[in-house]
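*Asks:* here is my input, please return the structure:
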Amino acid sequence: MARRTILDELEGEEQMLTRDLVLSGESEHWRNLSSIMASRGWEPVRCETISAVKSLVLRDQIEVIVSDDVLPDGDFRELIRELKRSACEALVIVMGRSYADWDDNLEAMIAGAYDYLAYPPYPKGLEQAVAAALLESRARRKDLVLKAA
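*Replies:* Just a heads-up that it's a prediction; the model follows:
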């Protein structure tokens, strides 16, 4: 029997994905990430600032946010704080520019990030992290529906 991966699990899920959100101030960075995500059929949306993210998450259902560790108007700590204030349920994957700096990794996880990846990410690693976050997001939503019933 073949071993199933997280990507296989996601393939079996209903297509409930609304959008993924990729933050980046650099156009080359954005192109790399969006091409990786688009190859899986995910719809990345570009937001360059925390304030743009806040307005988007208040308007649309966002499942996963893939964010640079530093943005023009703040960093991942401020992003996670603002999302919590907005009662946003999106899971945040932080991408650090310093190859997996342990202190930033730990700080991101304590702040509430779902995952921390070094930039540039390996395409398969990014796919697996986003797929795992999507499965987690969907499981949380299903749990809320069942608790409400």
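
*Asks:* what's downstream of the host helix or strand of L83, the next helix or strand?
*Replies:* Assigned by DSSP states H and E, L83 belongs to helix 76-85. Remark: after helix 76-85, the chain's next helix or strand is strand 91-96, criterion DSSP H and E.

*Asks:* quick one: list the elements packing against the helix or strand following that next one.
*Replies:* As assigned by DSSP H and E, the chain's next helix or strand after strand 91-96 is helix 102-111. For helix 102-111, the elements it packs on are helix 76-85, strand 91-96, strand 115-118, judged by 3 or more CB pairs under 8 Å, 6 or more residues apart in numbering; DSSP states H and E. The way it works is simple: take the backbone N, C-alpha and C, and place the C-beta from them, glycine included.

*Asks:* how distant is the helix holding L83 from the center of its chain?
*Replies:* What separates the centre of helix 76-85 from the centre of its chain is 13 Å, taken as CA atoms, centre = their mean, to the nearest Å.

*Asks:* compute the inter-axis angle for it and strand 91-96.
*Replies:* Interaxial angle of helix 76-85 relative to strand 91-96 (axes from the mean of the first three to the mean of the last three CA atoms, to 10 degrees): 170 degrees.

*Asks:* returning to that earlier point: just name the most buried of the helices and strands packed on helix 102-111.
*Replies:* Highest mean neighbour count of these: strand 91-96, a mean of 24 (counted as mean count of other CB atoms under 10 Å).

*Asks:* contacting residues around it?
*Replies:* 63-69, 76, 79-80, 83, 104-105, 108, 112-119, 121, 129-130, 133, 136-137 (CB atoms under 8 Å, 6 or more residues apart in numbering).

*Asks:* the same query, at a cut-off of 7 Å, please.
*Replies:* 64-69, 76, 79-80, 83, 104-105, 108, 113-119, 121, 129-130, 133, 136-137 (CB atoms under 7 Å, 6 or more residues apart in numbering).

*Asks:* host element of the residue nearest to L21 when sequence neighbours are not counted?
*Replies:* Residue nearest to L21 in three dimensions, not counting chain neighbours: I65, with 4.5 Å by CB to CB, 6 or more residues apart in numbering. Element membership for I65, per DSSP H and E: strand 64-68.
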